[in-house]
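Undergrad: Turn this into a structure:
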Amino acid sequence: MNALIRWALIVAIGLLTAEAAWAAAPELDILSPREGGTIHPDPKLGAVVVTEFEVKHFKIVDFTGVTIQEPGVGHILIRLDNQPFSTIHTESKISVFGQVTPGKHTVTLELVNNDHTPLKPRVIKTVHFTVASH
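TA: Modelled structure (predicted):
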């Protein structure tokens with residue numbers, strides 16, 4: 001009987017560990033702009049691209065204040081087209097690009113460690129969209 005209880009306990013611990021590891025995988029989704037969508041310039045503000053995103057199972061921190069590498073902790077790199085990346089290191093779920101020229105564009109977001117290195121496996125999302133003319 002003790003062997004059966006030990007076996008059941010080992011199986012239960014294994015299942016809980018596997019479930020916790022699976023549930024803890026970082027996730028990133030871009031909510032807007034939508035893939036293939038078109039953004040129309042605002043009459044007063046011009047072409048403004050509001051990137052709204054959602055992060056799960058990953059804590060966003062200010063990498064300048066938290067330099068120790070810790071699993072599940074880091075920040076977001078965001079890039080419009082081939083411009084240099086910007087960092088998002090607050091709990092904000094929105095980033096704004098102003099004065100975007102009409103035409104086709106790409107926004108890329110990536111979850112990274114505090115030293116800017118990619119997660120393993122990489123967690124990266126890209127959307128393609130068009131900014132309409134005035």
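
Undergrad: contacts and neighbour counts: CA atoms only from here.
TA: Fine.

Undergrad: and the lengthiest strand in the chain, how far from the chain's centre?
TA: Counting residues, the longest strand in the chain under DSSP state E turns out to be strand 118-131. Relative to its chain's centre, strand 118-131 lies at 8 Å (CA atoms, centre = their mean, to the nearest Å).

Undergrad: Please apply the same query to stretch 31-48.
TA: With CA atoms, centre = their mean, you get 20 Å for stretch 31-48.

Undergrad: what are the pairing partners of the longest strand of the chain, and which direction each?
TA: strand 38-39 (parallel), strand 103-112 (antiparallel) (DSSP bridges).

Undergrad: Mind listing the residues bridging to the most centrally placed residue in the chain?
TA: Central residue of the chain (CA atoms, centre = their mean): residue 28, 3.7 Å from the mean position. Here residue 28 sits in beta bridges with residue 55, going by DSSP bridges.

Undergrad: The one 4 residues further on too?
TA: For residue 32, the beta-bridge assignment (DSSP bridges) gives partners residue 52.

Undergrad: now do residue 80
TA: When assigned by DSSP bridges, residue 80 has beta-bridge partners residue 107.

Undergrad: what number of residues lie near it?
TA: 19 (other CA atoms under 10 Å).

Undergrad: Assess the claim that it and residue 109 are in contact.
TA: No: Residue 80 lies out of contact with residue 109 (CA atoms under 8 Å); the separation is 9.1 Å.

Undergrad: Can you tell me how far residue 81 is from residue 103?
TA: 11 Å (CA to CA, to the nearest Å).

Undergrad: Apologies, that question was intended for residue 124.
TA: For residue 124, the distance to residue 103 (CA to CA) stands at 23 Å.

Undergrad: cool, and residue 60?
TA: Distance of residue 60 to residue 103, computed by CA to CA: 32 Å.

Undergrad: which one of these two has more residues nearby?
TA: More crowded of residue 60 and residue 103, by other CA under 10 Å: residue 60, with 22 against 12.

Undergrad: Next, the contact list for the more buried one, please.
TA: Applying CA atoms under 8 Å, 6 or more residues apart in numbering to residue 60 gives the contacts 73-76, 88-91.
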